[in-house]
Structure formats: C-alpha cells, structure tokens
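>>> could you work out the structure for the sequence below:
(one chain, ligands or ions: 1)
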Amino acid sequence: MKIYNLMEELVENKVNKLYDDLKAANTVWLTCDCENCRLDTMAFVLNRIPPKYIISSRGITHTAADTNLTQIKADIDTLAIEGIRLVSSSKRPTHNVKSAPEALYISGSKPFFFFPTFTGTVMDGLTFEPISDSKITLLRDGKPADMIDHTWLNPTQTFKSTKGTYSFCVKPEEAKEEKQDGHFQFTVQIEAEGYEPTSYAFSIPVTSEILRQNRGLSLYSLKLQDLFMFPIGTENPME
Ligand SMILES: [Zn+2]
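Presented below is the predicted three-dimensional model:
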C-alpha cells in the first residue's frame with residue numbers, strides 16, 4: 001500500500017498535453033519544451049493546488065467518478081498555461097533565453113504600478129461550452145496594452161486544452177512615487193469565427209510599489225468574469 005497524490009497524474013498529463021498542443025501550433029512564446037521545462041511547470045502547478053491523496057492499492061479507477069474534480073481540473077488548466085509561460089520566460093543557464101523581466105523593475109528602485117495577471121474564460125452563451133480558437137485583445141486607451149515581456153501575447157488566443165481560458169500580464173507602469181493610488185481601465189475584446197464580437201470593460205485600482213530585491217514579481221492573478229459569445233444571427237438574451 002502506498003500513499004499517492006492523485007493530482008500528480010492529472011497535472012503531468014495536462015502539462016504534457018499543453019506543451020504538445022502549443023508546440024504543434026508553433027506558439028511563438030514557447031521557447032523550450034524539454035523534459036526539465038515540463039517538470040518545472042508540473043512543480044509550479046502542483047505547488048498551487050491542494051493535494052488529493054489516495055491509497056494506491058485501491059486503484060485509480062474509482063476516482064474517475066469523483067465529480068469534485070471538475071473545478072480542480074479547470075484550475076489545473078489555468079495554472080498549467082501560466083506555469084508554461086513562466087518557465088518559458090524564466091532565466092536558465094542552460095537555456096538561451098533573455099533575462100527575467102523582474103531585474104528591470106528592481107534596478108534603480110523606481111516605483112511601478114504592478115498589475116495582476118488577468119485571466120478569464122470565453123464561453124458560448126447558448127451552450128455554456130468553452131470556445132477555443134477565439135482571438136482576445138486587451139486594450140488600454142484604445143490600443144493593445146503592452147505585455148510584460150515577449151512571452152506574453154496580445155492579442156492572444158484560447159485553446160481547446162485550456163477550455164477557453166486566456167491570460168494577460170500587463171507591463172508594469174512607472175509611478176511618480178511609492179504608494180501612489182492609480183486607477184486603470186482596460187477592455188477585453190473577443191472575436192471568434194461564427195460569433196458576434198464582444199467586449200468587456202473593467203477597471204482596477206493599483207497602488208504603486210518599489211519591488212524589493214528579496215520579493216520578486218508577484219504572480220497573483222485577477223479572474224475576470226466569464227465572457228459569453230453568441231453565434232451570429234442568434235438573439236443575445238443578455239441584451
Ligand atoms: Zn527546456
């Protein structure tokens with residue numbers, strides 16, 4: 001009998017599938033998909049979800065009926081894509097990748113407005129199924145917002161394996177002083193083939209801070225409300 005964390009297998013399968021999908025789609029920000037990068041991503045995800053232990057001799061089969069896994073699977077999808085982006089962008093001696101972006105924000109001790117990572121989901125408003133292959137643009141003052149580094153895309157897209165989830169990491173903005181309160185407005189624009197385009201405006205308050213050497217960039221994420229798209233020619237019951 002052995003104790004076994006059920007999440008390990010779920011995460012391993014999901015991360016490998018995502019890497020394979022992203023590679024097959026020639027995703028530009030995917031800098032590497034070697035075994036080490038995959039393992040780093042799996043650790044990133046496993047460190048952020050609660051473990052679920054089972055006794056191995058009782059088998060994995062009955063866990064398939066565990067309906068409580070639906071939410072955790074959605075979380076794994078979101079975290080896995082975040083982890084892949086992070087691993088793709090991080091500085092590694094064996095990988096020929098540009099230095100991590102936080103160095104820029106630590107040097108000079110200047111205050112910046114650091115934005116959370118925005119995440120959201122695009123769904124069909126009639127079936128509530130996630131929409132893959134939608135194009136999502138994050139606008140700021142009518143223009144696509146700058147991303148923190150070249151590994152983030154704007155516009156970005158949704159993938160089948162991420163169940164309609166997308167994320168953005170906006171470039172920090174220089175502030176005049178520390179602890180300055182700012183209010184920032186963004187608009188998410190979504191297009192998908194066969195659907196009426198839609199958009200969603202939101203604003204967030206951010207307090208400027210000086211990134212200390214010992215802290216590193218925070219990766220907290222802000223979950224935006226689910227966005228629904230309606231097939232062209234159907235009535236939108238929400239309007
Ligand atoms: Zn690698």
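>>> please parse this protein into its domains.
Segmentation of the chain into domains, based on automatic domain parsing, reads 3-89, 102-229.
>>> the ion: which of those is closest?
Closest to the ion of the domains of the chain is domain 3-89 (Cβ to the ion; 3.3 Å). The C-beta positions use only the backbone N, C-alpha and C, and glycine is treated the same way.
>>> check the offset of the closest one from the chain's centre.
Put simply, domain 3-89 sits 13 Å off its chain's centre (Cα atoms, centre = their mean, to the nearest Å).
>>> check which residues of stretch 37-52 are buried.
Buried residues in stretch 37-52, counted by 16 or more other Cβ atoms under 10 Å: 37, 38, 40, 41, 42, 44, 45, 46, 49, 52.
>>> and the ion, which of the residues you listed contact it?
Of the residues in the buried residues of stretch 37-52, proximity to the ion by Cβ under 5 Å from the ion holds for residue 37.
>>> following the lowest-mean-pLDDT helix or strand in the chain, which helix or strand comes up?
One helix or strand of the chain scores below all others by mean pLDDT, DSSP states H and E: helix 102-106, with a mean of 63. Per DSSP states H and E, helix 102-106 leads on to strand 112-113 as the next helix or strand towards the C-terminus.
>>> quick check: mean pLDDT across the helix or strand that comes right after that following strand?
The helix or strand immediately downstream of strand 112-113 is strand 117-124, counting by DSSP H and E. Regarding strand 117-124, the rounded mean pLDDT is 91.
>>> strand 117-124: how far from the chain's middle?
Relative to its chain's centre, strand 117-124 lies at 9 Å (Cα atoms, centre = their mean).
>>> could you tell me the least trusted of the domains of the chain?
Between those, the one with the least mean pLDDT is domain 3-89; it has a mean of 81.
>>> and for residue 152, the neighbour number?
For residue 152, the count of nearby residues is 22 (other Cβ atoms under 10 Å).
>>> that one: which element?
Using DSSP H and E, residue 152 is not contained in any helix or strand.
>>> contact partners for it?
29, 85, 168, 169 (Cβ atoms under 8 Å, 6 or more residues apart in numbering).
>>> possible to save the buried residues of stretch 37-52 as TSV with distance to residue 186 and secondary structure?
Converted to TSV, the buried residues of stretch 37-52 look like this (distance: Cβ to Cβ, whole Å; DSSP: H, G, I helix; E, B strand; the rest coil):
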residue	distance to residue 186	secondary structure
37	30	helix
38	32	helix
40	30	helix
41	27	helix
42	31	helix
44	26	helix
45	26	helix
46	31	helix
49	28	coil
52	35	coil
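>>> let me know the closest of the buried residues of stretch 37-52 to residue 112.
For the buried residues of stretch 37-52, the closest approach to residue 112 (Cβ to Cβ) belongs to residue 44, at 23.9 Å.
>>> quickly list what residue 173 is bridged to.
Here residue 173 sits in beta bridges with residue 113, going by DSSP bridges.
>>> surely it is in contact with residue 113?
Yes. Counting by Cβ atoms under 8 Å, residue 113 is a contact partner of residue 173 at 4.5 Å.
>>> which one's more surrounded, those two?
The residue with more neighbours, out of residue 173 and residue 113, is residue 113; 20 against 17, by other Cβ under 10 Å.
>>> pretty sure that one contacts residue 176?
No. Judged on Cβ under 8 Å, residue 113 makes no contact with residue 176 at a distance of 10.5 Å.
>>> need the residues touching each of those two.
Between them, residue 113 and residue 176 share these contacting residues under Cβ under 8 Å, 6+ apart: residue 208.
>>> and the protein, which of its residues are near the ion?
For the chain, the residues in contact with the ion (Cβ under 5 Å from the ion) are 32, 34, 37.
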